[in-house]
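Visitor: have a look at this fold, sequence not included:
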C-alpha cells in the first residue's frame, strides 16, 4: 500500500494500515499493530468551536474529534503540537501550514464518518461538505497524532453503480471487521487502483485487539488459520499454495503480492481470495465448488502486514490485468470500513 495522500504521512507502532495485493504500505511499516474497525459515528458537520483553553502556541487545543474543525479554522500550530516526535521529523510546521491552507480552500465544513479503534489506535475520517476532499488521521490513546492524510477524493460513479451478476456470500464464518471497504480512498485504499477498486480487507478482533500475546507471531492473530469459504458456486481456475507465511509479522513479500491464492470462476466473474496460509488450500484447479465450501485457511502470505483476508471479484482471471467489480452481496449486505459483518454457517446460508 502506498500513502493515501502524498501530502502528509506519519508513522507509529500503534497504527498499521493493512497491506494487500499489489499495494505498498500506508502510513507505517510497524509489525506491532494492525487495523480493524469500530462503530461509525453519526454524520454531522464539523465546524470550528471555541474553548477557554489554549495550547502552547496560544491557539485552541486539538482533540481527536476536533481535528477537522481545527484544520478548517487554520489552527495549524495546534494540530502540529499534537504530532508525535517521529511525525514531526517527517514534516515541518511550515509545511503543514502551507499544505493545510491550500487544502481547505473552498471548504465550508467537514463531516465525520468512520471512527475505528483497535490495538490502542483510533482512526478517524472526515469528508468535505461537497464530497471532494477528505481527511484520515490516526491517534494514540493520549490523542497524539501519528498519521495524517489530506487528499482530493476522486470518484467513479459509473462503475460504482454496476454490481456483479453473481450475488456473493461472505467468504468466512463468524464475526469479522471490514478494515478496507467502500467507494473512496479514505474507506478503501484499493479504490485508487482499477484492478482492485472494490476489494475488501477483513480482520478479526477480540476485546479491541486483533491479536493476543506476541504481536510478531502469526499464531497470535485471531484471524490466522480460520477457514476461508467459497462465496458462490463456481470452478477453481488458479491455486497458489506454497508461499511461506510472513515472519515475523510486519515483514512483507512484495515479490508475490497475493501470496497463497484461490481464484474461482463464477461464469465470467472471478473471485480472488488472497493471503491464505501456506499448505492450507483444499481445492485444485478445475474443481467445482459450492457456496460455503472450505477452500483453505487464512494466513499471512504475500504483500500482507498481518493475517487478513483480501477478497475481490474481477472481470478476468488475471488479478492485475482485469478490472475489479463492485460486489453484489446476498441479503442486501453492504460491508463498509468500520463495520462488523457476520458470515453464516453452512446450515444457515
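Guide: Good, I have the coordinates. This structure is a prediction, so every number in the text was calculated from the model and none was measured.

Visitor: could you use CA atoms for every contact and neighbour count after this?
Guide: OK.

Visitor: the helix or strand in which residue 263 is found - contacts with which helices or strands?
Guide: Here residue 263 sits within strand 260-265, counting by DSSP states H and E. In terms of contacts (3 or more CA pairs under 8 Å, 6 or more residues apart in numbering; DSSP states H and E), strand 260-265 is packed against strand 234-240, strand 270-276.

Visitor: please identify the deepest-packed of these.
Guide: Comparing those by mean neighbour count (mean count of other CA atoms under 10 Å), strand 270-276 ranks first with a mean of 29.

Visitor: ok, residue 169 touching residue 231?
Guide: Yes. The pair residue 169 / residue 231 is scored as a contact, 4.7 Å apart, by CA atoms under 8 Å.

Visitor: the two: which has the busier surroundings?
Guide: Using other CA atoms under 10 Å as the criterion, residue 169 and residue 231 rank with residue 231 on top: 26 against 21.

Visitor: what angle sits between the strand holding residue 263 and strand 270-276?
Guide: Here strand 260-265 runs at an angle of 170 degrees relative to strand 270-276 (axes from the mean of the first three to the mean of the last three CA atoms, to 10 degrees).

Visitor: let's have the chain start at 16 instead
Guide: From this message on, residue numbering opens at 16, which makes the last subject strand 275-280.

Visitor: host element of the closest residue to residue 89 other than its chain neighbours?
Guide: Of all residues not flanking residue 89 in the chain, residue 116 sits nearest, at 7.1 Å (CA to CA, 6 or more residues apart in numbering). Here residue 116 sits within helix 108-118, counting by DSSP H and E.

Visitor: buried set for that helix?
Guide: Using 16 or more other CA atoms under 10 Å as the test for burial, helix 108-118 gives 108, 111, 112, 115, 116, 118.

Visitor: what helices or strands is that helix leaning on?
Guide: Against helix 108-118 (3+ CA pairs under 8 Å, 6+ apart) you get helix 91-96.

Visitor: can you rerun that using 6 Å?
Guide: Packing partners of helix 108-118 (3 or more CA pairs under 6 Å, 6 or more residues apart in numbering; DSSP states H and E): none among the helices and strands.

Visitor: C-terminal to it, what's the next element?
Guide: strand 125-133.

Visitor: state the mean pLDDT of that following strand.
Guide: Strand 125-133 carries an average pLDDT of 90.

Visitor: partners of the helix or strand just after it in the sheet?
Guide: Using DSSP H and E, the next helix or strand after strand 125-133 towards the C-terminus is strand 136-143. Applying DSSP bridges, strand 136-143 is found paired with strand 125-133 (antiparallel), strand 148-154 (antiparallel).

Visitor: out of the ones you listed, which one sits most buried?
Guide: Comparing those by mean neighbour count (mean count of other CA under 10 Å), strand 148-154 comes out on top with a mean of 24.

Visitor: how about the contacts made by the closest residue to residue 336 other than its chain neighbours?
Guide: Among residues not flanking residue 336 along the chain, residue 210 sits closest, at 6.9 Å (CA to CA, 6+ apart). For residue 210, the contact set (CA atoms under 6 Å, 6 or more residues apart in numbering) comprises 335, 337, 338, 339.

Visitor: could you turn the buried ones of these into a ChimeraX selection?
Guide: Selection of buried members from the contacts of residue 210 for ChimeraX, criterion 16+ other CA under 10 Å:
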select :337,338,339
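
Visitor: so which of the contacts of residue 210 sit within strands?
Guide: Residues from those lying in strands, with DSSP state E as the criterion: residue 339.
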